[in-house]
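Q: any chance you could fold what I've pasted below:
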Amino acid sequence: MVPLSRTTSLKLLLRSLTIQGSWNYRTLQGTGFAFSIIPMLLRLYRDHPSELERSVGRHSGFFNANPYLSTMAVSAVARMEAEGAEAEQIERFKSALVSPLGSLGDRLIWARWRPLCLLLALLVFVLGAPWWVASGLFLALYNAAQIALRLWGLRLGWKEGRGVSRALLGSPLRRLPDRLTIPLSLVAGAVLPPLALAFGGTTSSAGPLIVIAVALALAAAGYLRPVIAGRLAAVGLILGSLVFVALEKTLW
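A: Residues are numbered from 1 along each chain as shown. Next up, the predicted model:
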């Protein structure tokens, strides 16, 4: 079997950053998937142009998953290509990966990590940091996670090959969305008191805003996990209020 060299790994990783660059309503990420896997196909079929053309065409078909976990599918399929798996088997394998990678990635990134990064940046901003510091914090946290996910998926996909689904089920990543509920709920509660006072202008006018903020925090937390997340958001709200009251004279 052709090994996955560091150069090829880097090319797969960099190309995965553009997997949605040619998104369309017919194949969704299919064209981007084919573009991502080309470095491996070139190594396998460099001396067989017709087979290279056919393989690129096959991989341009339908594919859709969370873009940050796409490297797992790309590297796993690349390994199957290197092992000489049949085209039909590879297509069935790709189709089977769509749902788990999409579901896990969406719950982890869109429903947990992105809101958490945004709330942390917002908390830093309302506590007095310049806008560029808050924006830089958001970009640094968010992109560090997505690059780490791409690297992890690339390695796991190549290591496990056609067994990557089983490996994904037993990985800590599967439980991470639920674990991120704790910091997300706490930060959601903590950010509301200074945010309410910042928009309220004065402490005397911020009372109604804080009441509304409490309701919003508990409602948002209930979307994540009705009982536990709601309590965590309430705890974060109380802690945030106490800290903000202690710092209010210094900040404003």
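
Q: what about residue 141, distance to residue 119?
A: 11 Å (C-beta to C-beta, to the nearest Å). For every residue, glycine as well, the C-beta is placed using N, CA and C.

Q: now do the SS call for the most centrally placed residue in the chain.
A: Centrality entry for the chain: nearest residue to the mean C-alpha point is residue 109, 3.1 Å, by C-alpha atoms, centre = their mean. Secondary structure state of residue 109, per DSSP: H, G, I helix; E, B strand; the rest coil, is helix.

Q: and it, what's its pLDDT?
A: We have a pLDDT of 93 for residue 109.

Q: could you do residue 75 as well?
A: 94.

Q: can I assume it sits in a helix?
A: Yes - Residue 75 forms part of a helix when assessed by three-state DSSP.

Q: helix or strand for the closest residue to it other than its chain neighbours, which one?
A: Distance criterion C-beta to C-beta, 6 or more residues apart in numbering; nearest residue to residue 75, sequence neighbours excluded, is residue 157 at 3.4 Å. Element membership of residue 157 [criterion: DSSP states H and E] is helix 131-160.

Q: in the chain, where is pLDDT below threshold?
A: 1-2, 189, 193-252 (pLDDT under 70).

Q: could you pull out the helices in it for me?
A: Taking DSSP state H, the helices of the chain run over residues 6-16, 30-45, 49-59, 70-82, 87-105, 114-126, 131-160, 164-169, 176-200, 207-224, 228-251.

Q: hang on, the earlier thing: isn't the residue nearest to the centre of the chain right next to residue 66, touching?
A: Yes - Residue 109 is within contact range of residue 66, at 6.3 Å (criterion: C-beta atoms under 8 Å).

Q: go through stretch 116-127 and flag the buried ones.
A: 116, 117, 118, 119, 120, 121, 122, 123, 124, 125, 126, 127 (16 or more other C-beta atoms under 10 Å).

Q: next, format those residues as a markdown table and append distance to residue 137.
A: Output for those, formatted as a markdown table (distance: C-beta to C-beta, whole Å):
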| residue | distance to residue 137 |
| --- | --- |
| 116 | 12 |
| 117 | 8 |
| 118 | 10 |
| 119 | 11 |
| 120 | 7 |
| 121 | 5 |
| 122 | 10 |
| 123 | 10 |
| 124 | 6 |
| 125 | 9 |
| 126 | 13 |
| 127 | 12 |
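
Q: show me what counts as buried in stretch 136-149.
A: Result for stretch 136-149 [16+ other C-beta under 10 Å]: buried residues 137, 138, 141, 142, 145, 146, 149.

Q: and those, which is closest to residue 31?
A: When those are ranked by distance to residue 31 (C-beta to C-beta), residue 146 comes first, at 20.8 Å.

Q: what sits against the closest one?
A: In this structure, residue 146 makes contact with 68, 109, judged by C-beta atoms under 8 Å, 6 or more residues apart in numbering.
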